[in-house]
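1. Just a sequence and a predicted model for now, questions to come.
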Amino acid sequence: MLDWQKYINIADKFQYKAKPEDRQDLRQDIVLRLAEVEAKYNGSGNSLTEGGMVRVASYTVMAYWREVMRLPKITSLNGIVADSEGNETELCQMLADDKAIDVDAWLDAKLWLYRAPPRLVKIAYRKVSGLPLTAAESRYLYKQRQKVLV
């Protein structure tokens, strides 16, 4: 039979070993882990002693600290970062913007449009617009693609 009050008493002794903001979470983790181990032991006909419960709680604390130490250190978005050349930039300025225009791709497309044959530009417009190509346009597009591959 699971003795929840005993699990809570053991967890109360160990929760102070966590950061103040994580103490309640660690307490719950310890209680749940004790219940899991007790259920496993009851299935095999044994019972978990108080010393075993203390050992389980200490391993849960150890796992907590291992996770905390593996997390990357988060700094303020207003913090200043320096690159290899010594230029300083605010961290929030370095975040990617999903709505930003990819200038390199835009320039490549614009240069391609200036250099491409007008007929190919018209075909590209029809493809982007979702309009069907005529048989002649499809053949022309096929030939242009073959030129690029060769």
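-> Structure received. Residues are numbered from 1 along each chain as shown.
2. low-confidence ranges in this structure?
-> For the chain, applying pLDDT under 70 flags the ranges 1, 73-75.
3. Could you pull out the strands in it for me?
-> 80-82, 88-90 (DSSP state E).
4. residue contacts, Thr60?
-> For Thr60, the contact set (CB atoms under 8 Å, 6 or more residues apart in numbering) comprises Phe14, Leu26, Asp29, Ile30, Arg33. For glycine as for every other residue, the C-beta is placed from the backbone atoms N, C-alpha and C.
5. what's the nearest residue to the first one if we skip its chain neighbours?
-> To tie it back to what came earlier, the one meant is Phe14. In space, and not counting its chain neighbours, Phe14 is closest to Ala57: 4.6 Å by CB to CB, 6 or more residues apart in numbering.
6. what do you get for the third one?
-> In space, not counting the residues next to it along the chain, Asp29 is nearest to Thr60; the distance is 5.6 Å by CB to CB, 6+ apart.
7. Likewise for the second one?
-> The spatial neighbour of Leu26 that comes closest, neighbours along the chain excluded (CB to CB, 6+ apart), is Ala18 at 4.1 Å.
8. Please name the residues that touch the residue nearest to Phe14.
-> By CB under 8 Å, 6+ apart, the residues touching Ala57 are Ile10, Ala11, Lys13, Phe14, Ile30, Arg33, Leu34.
9. For the third one, the count of nearby residues, please.
-> Using other CB atoms under 10 Å as the criterion, Lys13 is surrounded by 12 other residues.
10. Against Arg27, how distant is the residue nearest to Phe14?
-> 10 Å (CB to CB, to the nearest Å).
11. okay, and the common contacts of those two?
-> By the contact definition CB under 8 Å, 6+ apart, Ala57 and Arg27 are jointly contacted by Ala11, Phe14.
12. What about the chain, which residue is the most distant from its middle?
-> Ala136 (47.8 Å; CA atoms, centre = their mean).
13. which stretches of this protein form helices?
-> Using DSSP state H, the helices of the chain run over residues 4-14, 23-43, 50-70, 103-115, 118-129, 135-149.
14. what about those, which gets the closest to Thr89?
-> Smallest distance to Thr89 across the helices of the chain (CB to CB): 18.2 Å, for helix 103-115.
15. Can you dump the C-alpha atoms of the closest one in CSV for me?
-> The C-alpha trace of helix 103-115 is given here as CSV (Å, rounded to 0.1, in the frame of the first residue of the first chain):
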residue,chain,number,x,y,z
VAL,A,103,18.1,40.2,-49.0
ASP,A,104,20.6,37.8,-50.6
ALA,A,105,17.8,35.7,-52.1
TRP,A,106,15.9,38.8,-53.2
LEU,A,107,18.9,40.2,-55.0
ASP,A,108,19.7,36.9,-56.6
ALA,A,109,16.1,36.7,-57.9
LYS,A,110,16.2,40.3,-59.1
LEU,A,111,19.5,39.7,-60.9
TRP,A,112,18.1,36.5,-62.5
LEU,A,113,15.1,38.4,-63.7
TYR,A,114,17.3,41.1,-65.4
ARG,A,115,19.5,38.5,-67.1
